[in-house]
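1. My questions concern the predicted model and sequence given below.
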Amino acid sequence: MSWRALENNTVDSIRVAVIGAGHAGRGLASYLSIHGFDVSLYNRTIANVERISKRGGINVYGLFETFANLSLVTGDIAKAIEDRDIIIIVVPAQAHTFIAKSMVPHLESGQTILLMPGRTGGALEFARFLRSHSYSDEILLGEAQTYSFVSRITGPDSVLISKVKNSTKVSAFPASHNRRFMRSLRRLPITFNMADDVMETSLDNVGAMLHPTPTILSSGLLESKEGGYNHYHDAISRTVGRLIERMDAERIRVSREFVSQPVSLLEWLRSSYDAEGTTLCDCIQSIDAYDNVGSPSTLDHRYVLEDVPTGLVPISYLGRLAGVSTPAIDAMINMACQLYDYDFWSSGRTLGNLGLEGLNPGQVQEYVRTGVIPEIYPELHDHELPDLYGLEVDEI
């Protein structure tokens, strides 16, 4: 949809909580502070942000050269979200369940929660915990399709912000709350586009395309050299790029069963980064913002541990729901299972985790629009038809 929350530099009185102080969380918290917002920053392990807490903020480099003041840095989630208008969750998606369980008892009526990003099914999973809260109907919940920045930690109290993306898709769950959700988010100095619903933001999960495959296929180099290469420019060669393009074509086929206008990976790169080229490899090489991105130094990294269970796995399960095969995606999930000796299929986001088990694509679309699970009627099989003919009817 074309309605947008346009980027602006105005100072707003709203108070924002950023949940998660990794690369993304530090970049987001700094960016909001630079633009005049009162920001609290939460991290589960307070030792990891001790220097930021002592200094009361973060040194920012790249697009900005300044010190970003933070009003609170804490490991207490209740304090982090107290009296906050907007709560933005920027933790790896596999931690969403932990954050939801920790946060829900302390939420307040009227707050807005944004998962940035939700990956595939984040808001659906989060909503299952939110429903237990007495104020659940008065809390706006939604997800972003991706993170709005390219940022990297450069020290214990510093971050590099190298890119602010042109726009980021967001949607509320349920989609009937979209306009209220957008009115809340438009107060932030970030450009958002309103998606139709969370199936659009979930199935436009480009991280699941860009992260796990290059990491898995570079695992030998990664382990022997402990990284030291550029994940995007070096690991996405022409051959690896063609495999990712085939995986992305499968994602698009699944998406067409649930959303009206799915966006391919190449289209997204051109829109977000002004990328140029006809192949994935060419587009990636044209993106200057990826120049300073390094690589994982160990296989214990979110590029696989997040993007397989909360990206590739639910996309595959949604494909099964819709009767769409995903052989390339499935092959990469199976390779991850073998490489890590771990069952990502059962530990990842299943249809049951997302509240979609037993639904067909039409019923899924109704659910994400309304938030109400449609009544499931038993299918009528041929052998049951003769029983209908025995029913008495009035003759006309």
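-> Received the coordinates, thanks.
2. Val16 falls within a helix, correct?
-> No. Membership of Val16 in a helix is not supported by DSSP: H, G, I helix; E, B strand; the rest coil, which gives strand.
3. Who does it form a beta bridge with?
-> Following DSSP bridges, Val16 is listed with bridge partners Val39, Ile86.
4. I'd like to know how far it sits from Ile139.
-> According to C-beta to C-beta, to the nearest Å, Val16 and Ile139 sit 15 Å apart. Every C-beta, even on glycine, is put in place using the N, C-alpha and C of the backbone.
5. more crowded one of those two?
-> Val16 (24 against 18; other C-beta atoms under 10 Å).
6. any chance you could map the helices in the stretch 51-200 of the chain?
-> Secondary structure of the stretch 51-200 of the chain (DSSP state H, counting those that start in this stretch): helices located at 77-81, 96-103, 122-130, 178-185, 198-203.
7. tell me the most buried of the ones you listed?
-> A comparison of these by mean neighbour count, using mean count of other C-beta atoms under 10 Å, puts helix 198-203 on top with a mean of 28.
8. Identify all contacting residues around that one.
-> Contact with helix 198-203 is made by 117-124, 142-145, 169-173, 175, 195, 251, 254-255, 258-259, 261-262, 314-315, 318, 364-365, 368, as judged by C-beta atoms under 8 Å, 6 or more residues apart in numbering.
9. Where does pLDDT dip in the chain?
-> 1-12, 135, 376-396 (pLDDT under 70).
10. Following the record's annotation, map out the domains of it.
-> Residue ranges of the domains in the chain are recorded as 10-202, 207-347, according to automatic domain parsing.
11. How far away from the center of its chain is the shortest one?
-> Okay, so that is domain 207-347. Using C-alpha atoms, centre = their mean, to the nearest Å, the distance from the centre of domain 207-347 to the centre of the chain it belongs to is 14 Å.
12. Same question for stretch 84-102.
-> 11 Å.
13. same check, this time on stretch 358-372
-> Here stretch 358-372 is found 20 Å from its chain centre; the criterion is C-alpha atoms, centre = their mean.
14. Just the strands from the protein, written as ranges.
-> 4-5, 15-19, 38-42, 57-62, 66-69, 72-74, 86-89, 112-115, 140-144, 149-155, 158-164, 168-172, 192-194 (DSSP state E).
15. Redo the helices of the stretch 51-200 of the chain as CSV? Include distance to Cys283.
-> As requested, those are arranged in CSV below (distance: least, C-beta to C-beta, whole Å):
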stretch, distance to Cys283
helix 77-81, 38
helix 96-103, 29
helix 122-130, 26
helix 178-185, 28
helix 198-203, 20
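16. Ok, which of the ones you listed comes nearest Arg51?
-> Closest to Arg51 of the helices of the stretch 51-200 of the chain is helix 77-81 (C-beta to C-beta; 17.9 Å).
17. helices and strands around the closest one, which ones?
-> Contacts defined by 3 or more C-beta pairs under 8 Å, 6 or more residues apart in numbering; DSSP states H and E place helix 77-81 against strand 15-19, strand 38-42, strand 72-74, helix 96-103.
18. got the CA coordinates for the longest helix anywhere in the chain in CSV?
-> Longest helix in the chain by number of residues (criterion: DSSP state H): helix 238-255. Provided in CSV are the C-alpha atoms of helix 238-255 (Å, rounded to 0.1, in the frame of the first residue of the first chain):
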residue,chain,number,x,y,z
ARG,A,238,27.7,-16.1,-8.9
THR,A,239,27.1,-19.8,-8.2
VAL,A,240,25.9,-19.3,-4.7
GLY,A,241,23.9,-16.3,-5.9
ARG,A,242,22.1,-18.5,-8.4
LEU,A,243,21.2,-21.0,-5.7
ILE,A,244,19.8,-18.2,-3.5
GLU,A,245,17.8,-17.0,-6.5
ARG,A,246,16.2,-20.4,-6.9
MET,A,247,15.3,-20.4,-3.2
ASP,A,248,13.9,-17.0,-3.5
ALA,A,249,11.7,-18.1,-6.5
GLU,A,250,10.3,-20.8,-4.1
ARG,A,251,9.6,-18.2,-1.5
ILE,A,252,7.7,-16.1,-4.1
ARG,A,253,5.6,-19.1,-5.1
VAL,A,254,4.7,-19.7,-1.5
SER,A,255,4.0,-16.0,-1.0
